[in-house]
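Student: here is the input, now give the coordinates:
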Amino acid sequence: MDKLGRVLCSAAMLAVCGASPVDFARADHWPQWRGPNNDGVSLETGIATRWSRTENIAWRVPLPGPAAATPVVWGQQIFLTTVDGDNLDLLCIRTDGKQLWRRTLGQGNRNVRGDEGNSASPSPSTDGKSVWAFMGNGEFACYDFNGNLRWKFNVQDRYGKFNIQFGMTSTPVLDGDRLYFQLIHGDGNASTREACVACLDKGTGRAIWTHQRQSDARAGCEHSYSSPTIYRGGGREFLITHGADYVIGHDLSDGTELWRCGGLNPKASYNEALRFVASPLATQNLIIVPTAKRGPVVAIKPTAEGDVTDSPTAIQWKMPRDTPDVPSPLLVDQLVYLCRENGNLMCLDAQTGDEVYHERTERDRHRASPVYADGKIYLTARNGVVSVIRSGRKFELLAQNELGEPVSASPAISDGTLYLRSFHALYAIRKKR
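Tutor: Model prediction:
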């Protein structure tokens, strides 16, 4: 396909997926953990459907330690965070599998929930000139593509000590010249609420604004492991944060609260261990909000203003139970896909919330978020089995691919290649050319 054809194809794909507009020259990059539009959607075609340890594997690079962070890709460079003993490192690997450089941001790794997570859980991000990496111990740094340090500071020194049971795993979101992140944690004391939302200048690391995020959540519910996202469309734009019983929209200029939706942890049956991990999905016409522990999923209209908890005009639909616990939602061609922790895939009509199907895939824990490319949805199980399902209103399991290594990281897709990060290695998966 020539360049013009690829641009036209990209525009058509954006229309059917409900994604926000992007610079088409960047469509082959995967600059953040959920891709170019923070929605898990790739415009690529020709992505492999089947692979094994010997089939369609372009290369495998061993890693110094495990992590759940997704690799990000720009041009010929791949960036990913990892642990190496007590060290917290950022790696740069060329797309032919050669390591270009490695930088240690700091020490102090903390493993949590057995092998479920560690301090290298947040994913990096890049704009093609710089790469930013945030670690669970608070180290936040910016490097150029040659590995030269541009700035670095510890978030705990600036915004206060983290008080979160399983570590700070939220990934900052890069948008234009700014980085936005949420620090939703606390000690159960209403007089010392610690949750905040912050905005940085990406070039200097300078604080632009900080907003104290208000909530009446208590106990473990004060702790959020979800990541923020940006909504942009229809003349509106705002930051979305998720945690401590609420999803909230913030003004990008100063963090001021524009709207909030509660009822995600009903007071009448309050669960003090309802910690949000899955992140919201923002499309041009809808915001899909997951919760945790088989709780509700709520679809909110981006025209929301004020407290919309019980607003019939602001809430498009609500699914009362069976939310994904960790994987974030995916929306393709007006269908919402929800991958539950047990591997069940739910497909809903995006406008009505009506269930289209609810089918079983690999029966194992699912921690990675689903991604879409070339008419296919990729679901990654903790045991390393990736189920490939044809998108559409009829469930069709195309393949199940096994590498025999544990995986928690979401896949990344760039330049015809699916990058899969296991606990032991980074894989480049592509059809033979």
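Student: can you name the element that comes right after the lowest-mean-pLDDT helix or strand in the chain?
Tutor: Taking mean pLDDT, DSSP states H and E as the measure, helix 3-17 is the helix or strand of the chain with the lowest mean score, a mean of 42. Heading C-terminal from helix 3-17, the first helix or strand you meet, by DSSP states H and E, is strand 57-62.
Student: so which bits of that following strand are buried?
Tutor: Buried residues in strand 57-62, counting neighbours by 16 or more other Cβ atoms under 10 Å, are found at 57-61. Every C-beta, even on glycine, is put in place using the N, C-alpha and C of the backbone.
Student: for those, which one is nearest Val247?
Tutor: Val61 (37.4 Å; Cβ to Cβ).
Student: mind checking what secondary structure the residue lying closest to Asp349 once chain neighbours are set aside has?
Tutor: Once flanking residues are discounted, Asp349 sits nearest to Val356: 6.0 Å by Cβ to Cβ, 6 or more residues apart in numbering. The three-state label for Val356, taken from DSSP: H, G, I helix; E, B strand; the rest coil, comes out as strand.
Student: how many neighbours does Val356 have?
Tutor: Val356: 17 surrounding residues under other Cβ atoms under 10 Å.
Student: and the gap between it and Asp245?
Tutor: The gap separating Val356 from Asp245 is 29 Å, by Cβ to Cβ, to the nearest Å.
Student: beta-bridge partners for Leu149, please?
Tutor: For Leu149, the beta-bridge partners under DSSP bridges are Tyr143.
Student: typed the wrong thing, it's Val332
Tutor: In this structure, Val332 bridges to Leu335 when assessed by DSSP bridges.
Student: could you report the neighbour count for it?
Tutor: The burial count assigned to Val332 is 25, neighbours taken as other Cβ under 10 Å.
Student: hmm, Arg390 and it touching each other?
Tutor: No. If you go by Cβ atoms under 8 Å, Val332 and Arg390 don't touch, sitting 11.0 Å apart.
Student: between those two, what contacts are shared?
Tutor: Taking Cβ atoms under 8 Å, 6 or more residues apart in numbering as the contact rule, the neighbours common to Val332 and Arg390 are Ile377.
Student: of the buried residues of strand 57-62, closest to Val131?
Tutor: With Cβ to Cβ as the yardstick, the closest approach to Val131 among the buried residues of strand 57-62 comes from Val61, at 17.5 Å.
Student: got the contact list for the closest one?
Tutor: Contacts for Val61 (Cβ under 8 Å, 6+ apart) come out as 93, 97, 99, 425-426.
Student: list just the nearest of those residues to Ala282.
Tutor: Leu426 (28.4 Å).
Student: what sits closest to the closest one if chain neighbours are left out?
Tutor: Beyond its immediate neighbours in the sequence, the residue positioned closest to Leu426 (Cβ to Cβ, 6+ apart) is Val61, lying 4.8 Å away.
Student: how far away is the one you found from Pro122?
Tutor: From Val61 over to Pro122 (counting by Cβ to Cβ), the distance is 21 Å.
Student: ends of stretch 57-76, what's the gap?
Tutor: Taking Cα to Cα, to the nearest Å, the span from the opening residue of stretch 57-76 to its closing residue is 18 Å.
Student: so for that stretch, mean pLDDT?
Tutor: Across stretch 57-76, the average pLDDT comes to 97.
Student: need phi/psi at Gln156.
Tutor: Gln156 adopts backbone torsions of phi -70, psi -30, taken as degrees, to the nearest 10.
Student: strands of the stretch 101-250 of the chain, start to end?
Tutor: Using DSSP state E, counting those that start in this stretch, the strands of the stretch 101-250 of the chain run over 125-126, 130-134, 139-144, 149-154, 173-175, 178-183, 196-201, 207-212, 229-233, 236-243, 246-250.
Student: quick one on the thing from earlier: looking at the contacts of Val61, which are in strands?
Tutor: Secondary-structure check on these using DSSP state E: residues within strands are 93, 99, 425-426.
Student: show me just the buried residues among the residues you listed.
Tutor: Neighbour-count burial (16+ other Cβ under 10 Å) applied to those gives 93, 426.
Student: closest to Gly75 out of the ones in strands among the contacts of Val61?
Tutor: For those, the closest approach to Gly75 (Cβ to Cβ) belongs to Ile93, at 12.5 Å.
Student: show the pLDDT at the closest one.
Tutor: 98.
Student: mind telling me what element the nearest residue to it once chain neighbours are set aside is part of?
Tutor: Nearest in space to Ile93, with sequence neighbours left out and distances taken as Cβ to Cβ, 6+ apart, is Ile78 at 4.6 Å. Under the criterion DSSP H and E, the helix or strand holding Ile78 is strand 77-84.
Student: run the angle between that strand and strand 130-134 for me.
Tutor: Calculated by axes from the mean of the first three to the mean of the last three Cα atoms, to 10 degrees, strand 77-84 forms an angle of 20 degrees with strand 130-134.
Student: buried residues, strand 77-84. List them.
Tutor: Within strand 77-84, the residues scored as buried using 16+ other Cβ under 10 Å are 77-83.
Student: just give me the closest of those residues to Ala292.
Tutor: Distance from Ala292 was checked for each of these by Cβ to Cβ. The minimum falls on Thr81, at 24.2 Å.
Student: I'd say the closest one and Leu90 touch.
Tutor: Yes. Between Thr81 and Leu90 there is a contact under Cβ under 8 Å: 5.6 Å.
Student: residues bridging contact with these two, i.e. touching both?
Tutor: With Cβ under 8 Å, 6+ apart as the test, Thr81 and Leu90 both reach 124, 133.
Student: which residues touch Phe140?
Tutor: Each residue near Phe140 by Cβ under 8 Å, 6+ apart is listed here: 132-134, 152-155, 172, 205.
Student: do the same with Pro62
Tutor: Contacts were defined as Cβ under 8 Å, 6+ apart; by that measure Pro62 touches 424-425.
Student: just Lys301 next, same as before
Tutor: In this structure, Lys301 makes contact with 285-287, 313-316, judged by Cβ under 8 Å, 6+ apart.
Student: filter these down to the ones in strands?
Tutor: The members of the contacts of Lys301 that map onto strands under DSSP E are 287, 315-316.
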